[in-house]
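> just coords:
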């Protein structure tokens with residue numbers, strides 16, 4: 001779905017919150033991989049959220065006035081250049097970008113250093129996210145100093161600098177209907193990839209073969225890229241939370257943990273499923289898997305308006321800790337194990353994060369020192385896990401079991417919607433899919 005109609009209202013909402021002043025929001029730079037080869041380009045999420053513009057070497061400037069009708073929305077971008085287009089592909093150029101993306105003005109990026117000091121002059125407030133990119137910090141500081149150097153002409157520089165991300169984080173936290181539709185599509189593509197992995201895996205394959213299938217499904221179904229480096233972790237590798245080597249042989253009797261999702265039109269899916277390489281859970285694997293699944297079900301049930309951000313985590317923790325005690329992995333009462341944090345030997349991360357344009361998306365988790373309330377439109381992951389490494393005080397039959405189950409969940413007015421519900425996760429469902 002095309003989101004172009006949504007960008008201008010977002011810009012206007014942001015400008016209204018500024019009330020007055022100037023905002024400078026650059027996109028991400030291109031990065032050299034080696035020699036003359038660059039990494040695949042990915043725009044800055046904040047810039048894209050307000051513009052929909054995906055080309056590098058671009059910057060959005062908003063000059064907000066108390067009367068919003070006088071606010072200026074200015075894009076600086078690369079010139080139209082037929083020679084460069086032969087080598088690098090299509091460019092909009094300022095004139096076309098102004099019309100297509102509904103800016104009030106657009107200029108060549110080559111005019112940036114000439115025009116920015118003029119735009120900054122006599123503005124009282126600057127909205128810019130300092131500390132995100134040292135090169136942009138230096139450039140903005142240079143423009144400010146140019147304005148300060150014109151003091152004898154009566155020009156004044158902004159005396160108040162605000163973090164533009166503070167306003168935008170709150171806006172991005174609540175997903176629109178258009179955003180959720182894209183996220184449903186991203187989730188559907190990612191779900192197909194996880195199903196495909198379950199269907200093709202067999203002992204003797206390499207983790208990288210499964211990763212290749214995931215990437216193939218992502219691209220074949222229209223996603224632009226993986227939303228993050230896929231985790232394809234067999235056996236003991238599943239106990240490494242951010243394992244990305246993906247180069248070990250898969251063995252019968254092992255579990256395979258896959259944490260992977262695609263990015264579609266800028267929006268990420270984030271799914272984790274864990275299943276047996278040989279298609280059949282062992283008895284002990286079933287026990288631990290069902291524990292994690294029960295913890296996830298409790299956490300998802302806690303995702304609803306009126307609860308706060310921490311409720312799903314605490315719901316999952318109660319179930320997991322009771323299971324750890326029942327299996328002899330922890331000793332004491334649920335409360336004592338939680339208070340001592342002994343459970344962190346097996347569950348050391350929290351139960352989720354915001355999801356959207358970034359996998360770990362924008363938005364604060366606390367307000368005024370308290371966990372914020374969940375509200376409709378917020379989108380998050382729910383991903384409890386259990387990771388049991390070999391240790392003298394751990395029964396050997398538990399060793400090297402790593403399980404995580406992760407879904408993408410939207411808070412609705414009546415509760416929640418699980419975007420990734422179609423990805424099999426019940427034991428019977430997984431074994432049936434793997435048997436087909």
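Received, thanks. The shown structure was predicted, so the numbers you read here are calculated from the model rather than taken from an experiment. Residues are numbered from 1 along each chain as shown.
> Mean pLDDT per element in this structure, and the minimum belongs to which helix or strand?
None of the helices or strands of the chain scores lower by mean pLDDT, DSSP states H and E than helix 4-18, at a mean of 90.
> Return the distance of residue 246 relative to residue 221.
Distance of residue 246 to residue 221, given as C-beta to C-beta, to the nearest Å: 21 Å. (Each C-beta comes from the backbone N, C-alpha and C, glycine too.)
> The two: which is more packed in?
Using other C-beta atoms under 10 Å, the more surrounded residue of residue 246 and residue 221 is residue 246, with 21 against 16.
> Wait, the more buried one touches residue 230, no?
Yes - contact status for residue 246 versus residue 230: in contact at 7.0 Å, counting by C-beta atoms under 8 Å.
> Common neighbours of these two, please.
residue 211 (C-beta atoms under 8 Å, 6 or more residues apart in numbering).
> So what's the residue count around the residue nearest to residue 111 when sequence neighbours are not counted?
Spatially, and ignoring its direct neighbours in sequence, residue 111 is nearest to residue 76 (7.0 Å; C-beta to C-beta, 6 or more residues apart in numbering). Using other C-beta under 10 Å, residue 76 has 23 neighbouring residues.
> Quick check: buried residues in stretch 67-80?
71, 73-80 (16 or more other C-beta atoms under 10 Å).
> do the same with stretch 116-136
Residues 116-117, 119-121, 123, 125-130, 136 are the ones in stretch 116-136 that count as buried (16+ other C-beta under 10 Å).
> Stretch 7-22 now?
Going by 16+ other C-beta under 10 Å, stretch 7-22 has these buried residues: 7-8, 10-12, 14-15, 18, 21-22.
> again, but for stretch 187-199
187-198.
> Would you verify that residue 86 is located in a helix?
Yes - per DSSP: H, G, I helix; E, B strand; the rest coil, residue 86 lies within a helix segment.
> Do me a favour and get the end-to-end distance for stretch 162-182?
31 Å (C-alpha to C-alpha, to the nearest Å).
> So for it, mean pLDDT?
Stretch 162-182 carries an average pLDDT of 97.
> all strands in the stretch 301-436 of the chain, in order from the N-terminus.
With strands called from DSSP state E, counting those that start in this stretch, the stretch 301-436 of the chain shows them at 366-367, 370-371, 379-382, 385-388, 401-404, 407-412, 415-418.
> ok so, going back, list the contacts for the residue nearest to residue 111?
Counting by C-beta under 8 Å, 6+ apart, residue 76 makes contact with 58-59, 61, 94, 106-109, 111-112, 115.
> what do you get if the cut-off is 6 Å, keeping everything else the same?
Residues near residue 76 by C-beta atoms under 6 Å, 6 or more residues apart in numbering: 59, 107, 109, 112.
> Dihedrals phi and psi, it?
When quoted as degrees, to the nearest 10, the phi and psi of residue 76 stand at phi -110, psi 130.
> Bridging across strands, which residues link to the residue nearest to residue 370 when sequence neighbours are not counted?
What sits nearest to residue 370 in space, not counting adjacent residues and going by C-beta to C-beta, 6+ apart, is residue 308, at 7.5 Å. Beta-bridge pairing for residue 308 (DSSP bridges): residue 373.
> ok, now which ones touch the most centrally placed residue in the chain?
Nearest to the mean C-alpha position of the chain, by C-alpha atoms, centre = their mean, lies residue 359 at 1.3 Å. Residues counted as contacts of residue 359 (C-beta under 6 Å, 6+ apart) are 227-228, 268, 270.
> mind checking pLDDT for it?
Reported pLDDT at residue 359 in the predicted model: 98.
> how deep is the closest residue in space to residue 236 that isn't next to it in sequence tucked in, by neighbour count?
Distance criterion C-beta to C-beta, 6+ apart; nearest residue to residue 236, sequence neighbours excluded, is residue 400 at 4.1 Å. The number of residues packed near residue 400 is 17, by other C-beta under 10 Å.
> surely residue 400 meets residue 237?
No - contact between residue 400 and residue 237 fails when scored by C-beta atoms under 6 Å: they sit 8.9 Å apart.
> For residue 98, pull up the helix or strand it's in.
helix 93-100 (DSSP states H and E).
> ok, which pair from the buried residues of stretch 67-80 is furthest apart?
Put simply, by C-beta to C-beta the two of those set farthest apart are 71 and 80, 26.5 Å from each other.
> Which residues does stretch 29-48 contact?
The contact list for stretch 29-48 (C-beta under 6 Å, 6+ apart) reads 25, 27-28, 54, 56, 60, 168, 266, 357-358.
> Quick one: the helices in the stretch 101-250 of the chain, in order.
Assigned by DSSP state H, counting those that start in this stretch, the stretch 101-250 of the chain shows helices spanning 112-120, 134-148, 164-173, 177-200, 207-220.
> among those, which is the most enclosed?
Among the helices of the stretch 101-250 of the chain, ranked by average contacts under mean count of other C-beta atoms under 10 Å, first place goes to helix 177-200 (a mean of 20).
> I would like the residues contacting it, please.
For helix 177-200, the surrounding residues in contact (C-beta under 6 Å, 6+ apart) are 1, 3, 6, 210, 213-214, 217, 221, 223, 258, 261-262, 264-265, 267, 269, 271, 273, 275, 408, 419-420, 422-423, 433-434.
> same check, this time on stretch 299-306
If you take C-beta under 6 Å, 6+ apart as the criterion, stretch 299-306 is touched by 311-312, 315-316, 351, 374-375, 382, 409, 415-416.
> Stretch 360-379 now?
Identification of contacts with stretch 360-379 by C-beta under 6 Å, 6+ apart yields 169, 172-175, 305, 307-310, 353-355, 410-413.
> For stretch 345-353, measure first residue to last.
The first-to-last residue distance of stretch 345-353 comes to 21 Å (C-alpha to C-alpha).
> Identify the residues contacting it?
Residues contacting stretch 345-353 (C-beta under 6 Å, 6+ apart): 299, 312-313, 316, 320, 360, 380-384, 386, 388.
> Closest to residue 203 out of the residues you listed?
Closest to residue 203 out of these is residue 388 (21.5 Å), distances taken as C-beta to C-beta.
> my read: the closest one touches residue 396, true?
No - in this structure residue 388 lies outside contact range of residue 396 using C-beta under 6 Å: 10.4 Å.
> Neighbour count: the two, which is higher?
Neighbours of residue 388 and residue 396, each counted by other C-beta under 10 Å, are more numerous for residue 388; the result is 25 against 8.
> Tell me the spacing between the more buried one and residue 394.
Residue 388 is 6 Å from residue 394, by C-beta to C-beta.
> which non-adjacent residue is nearest residue 60?
Nearest residue to residue 60 in three dimensions, chain neighbours excluded: residue 25, at 4.5 Å (C-beta to C-beta, 6+ apart).
> Touching, the one you found and residue 62? I think so.
No - using C-beta under 6 Å, residue 25 makes no contact with residue 62, being 7.6 Å away.
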